[in-house]
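Participant: For reference, the sequence and a predicted model appear below.
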Amino acid sequence: MVIPNKVRIVEVGPRDGLQNEAQQVPAAIKIELIDRLTDAGLPVIEATAFVSPKWVPQMADAAAVMAGIRRKAGVGYPVLVPNRKGLDAAIAAGCDEVVVFGAATEAFSQRNTNCSIDEGLARFYEVCAEAIARGLRVRGDISVCLGCPYEGEVAPSQVTRVARALYAMGCYEITIADTIGAGTPGKTRAVIEDVAQHIPVAKIAGHFHDTYGQALANTLAALECGVATFDSSVAGLGGCPYAKGATGNVATEDLLYMLDGMGIATGIDMEKLIAAGSFICAALGRETQSRVARARAGKPAAAK
């Protein structure tokens, strides 16, 4: 067991965290959030999604957001694209990295993308081929890897099947996502070990929601498997419209606190990160879901 001494955190708050907000968040607020996260040292920030505004109204301003952010050299700003139309829009907006997203179960695939797993993979093949031909990087996300709201338990082989297909298309990294936050460390380890038989563990990332309070435990299990890239959401924002009751991704502040405590390098400034979380929570009129941010807010400055 060799735990990585450096971890790459992929901040998904501006996209995954905000996409289900009922109130429309102004583009200026999204841009300010992304810029603050950049200043905090996040190496990758999932900025927005080029999807149909009919299905995801919150992302209708994707082009404006990409035009307004202050991009920093060496920082990635990937965007979600569901199909060729989304890719074309992303390219027009000057994006250099895209994310395609599949599912480990047929039921979730139908509800999330209105197609079967195989139909979705066929769409992604076209997206990947065109994106790579144009010099873009492509990341592949797989939803409901540790439990499905419609089918229940998910066999590791179901995840591996999709992961192998995405990797073969040219995705440089495959994200194992616990969309409903129902996974446990044992399940996490089983899935990662199964996928890692076919894909290098260095190409695997973890994406853990905290619905059942298992996100950090699952992160540790993945770290013990050698995974060194993890998605997280500032202030714990987010959820899933197709998984009722699911909470947001693990809070970036909480993930950073754990990694810092383990002596694992990330390059992220905790104070600036907490300030970014406070900014977006104030804009949304809600309290942060980060336990670390709440604890730090209750301490005098000298104790921080």
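Facilitator: Yep, that arrived.
Participant: Show me the strands in the stretch 151-300 of the chain, by range?
Facilitator: Along the stretch 151-300 of the chain, counting by DSSP state E, counting those that start in this stretch, strands occupy 173-178, 204-208, 229-232.
Participant: Columns mean neighbour count, mean pLDDT and distance to residue 126 on top of those, output as CSV?
Facilitator: (Glycine included, C-beta is placed from N, CA and C.) Formatted as CSV, the strands of the stretch 151-300 of the chain follow (neighbours: other CB atoms under 10 Å; pLDDT from 0 to 100; distance: least, CB to CB, whole Å):
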stretch, mean neighbour count, mean pLDDT, distance to residue 126
strand 173-178, 25, 98, 18
strand 204-208, 26, 97, 23
strand 229-232, 25, 98, 25
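Participant: Those strands into CSV, with extra columns for distance to residue 184?
Facilitator: Output for these, formatted as CSV (distance: least, CB to CB, whole Å):
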stretch, distance to residue 184
strand 173-178, 9
strand 204-208, 11
strand 229-232, 17
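Participant: Would you mind telling me which of those is nearest residue 289?
Facilitator: Residue 289 sits nearest to strand 229-232 of all the strands of the stretch 151-300 of the chain, at 11.5 Å, using CB to CB.
Participant: Give me the below-cutoff pLDDT ranges for the stretch 1-150 of the chain.
Facilitator: 1 (pLDDT under 70).
Participant: where do the helices sit along it?
Facilitator: For the stretch 1-150 of the chain, the helices defined by DSSP state H, counting those that start in this stretch cover 27-39, 62-68, 84-92, 106-113, 117-133.
Participant: How far away from the center of its chain is the third one?
Facilitator: The gap between where helix 84-92 is centred and where its chain is centred comes out at 20 Å by CA atoms, centre = their mean, to the nearest Å.
Participant: How about the fourth one?
Facilitator: Between the centre of helix 106-113 and the centre of its host chain there is 18 Å, according to CA atoms, centre = their mean.
Participant: The first one now?
Facilitator: For helix 27-39, the separation from the chain centroid amounts to 17 Å (computed by CA atoms, centre = their mean).
Participant: Could you pull out the buried residues of that helix?
Facilitator: 27, 29, 30, 31, 32, 33, 34, 35, 36, 37, 38 (16 or more other CB atoms under 10 Å).
Participant: what does it contact?
Facilitator: 11, 13-14, 18, 45, 47-48, 61, 64-65, 68-72, 75, 77, 234, 272-273, 275-276, 279-280, 283 (CB atoms under 8 Å, 6 or more residues apart in numbering).
Participant: can you pull the contacts of residue 283?
Facilitator: Contacts of residue 283 (CB under 8 Å, 6+ apart): 25, 29, 33.
Participant: Kindly report the same for residue 95.
Facilitator: Applying CB under 8 Å, 6+ apart, the residues contacting residue 95 are 50, 66, 77, 78, 79, 136.
Participant: one more time with 10 Å
Facilitator: The neighbours of residue 95, taking CB atoms under 10 Å, 6 or more residues apart in numbering as the test, are 47-48, 50, 62-63, 66, 77-79, 81, 87, 89, 131, 136-137.
Participant: Mind picking the two most distant members of the residues you listed?
Facilitator: 63 and 137, at 19.6 Å, using CB to CB across these.
Participant: still on that earlier bit, turn the buried residues of helix 27-39 into CSV, columns for distance to residue 204.
Facilitator: Converted to CSV, the buried residues of helix 27-39 look like this (distance: CB to CB, whole Å):
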residue, distance to residue 204
27, 33
29, 33
30, 29
31, 31
32, 32
33, 28
34, 26
35, 30
36, 29
37, 23
38, 25
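Participant: Mind picking the one among the residues you listed that's closest to residue 261?
Facilitator: Distances from residue 261 to the buried residues of helix 27-39, taken by CB to CB, are shortest for residue 37, at 21.5 Å.
Participant: how much space between the nearest residue to residue 96 once chain neighbours are set aside and residue 83?
Facilitator: In space, residue 96 comes closest to residue 136 once its chain neighbours are excluded; the distance is 5.7 Å by CB to CB, 6 or more residues apart in numbering. Going from residue 136 to residue 83 by CB to CB, to the nearest Å gives 15 Å.
Participant: The stretch 201-304 of the chain: helices as residue ranges?
Facilitator: 215-224, 252-261, 270-284, 291-297.
Participant: okay if I get these as JSON lines plus distance to residue 191 and mean pLDDT?
Facilitator: Formatted as JSON lines, these follow (distance: least, CB to CB, whole Å; pLDDT from 0 to 100):
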{"stretch": "helix 215-224", "distance to residue 191": "9", "mean pLDDT": "98"}
{"stretch": "helix 252-261", "distance to residue 191": "19", "mean pLDDT": "98"}
{"stretch": "helix 270-284", "distance to residue 191": "28", "mean pLDDT": "97"}
{"stretch": "helix 291-297", "distance to residue 191": "26", "mean pLDDT": "95"}
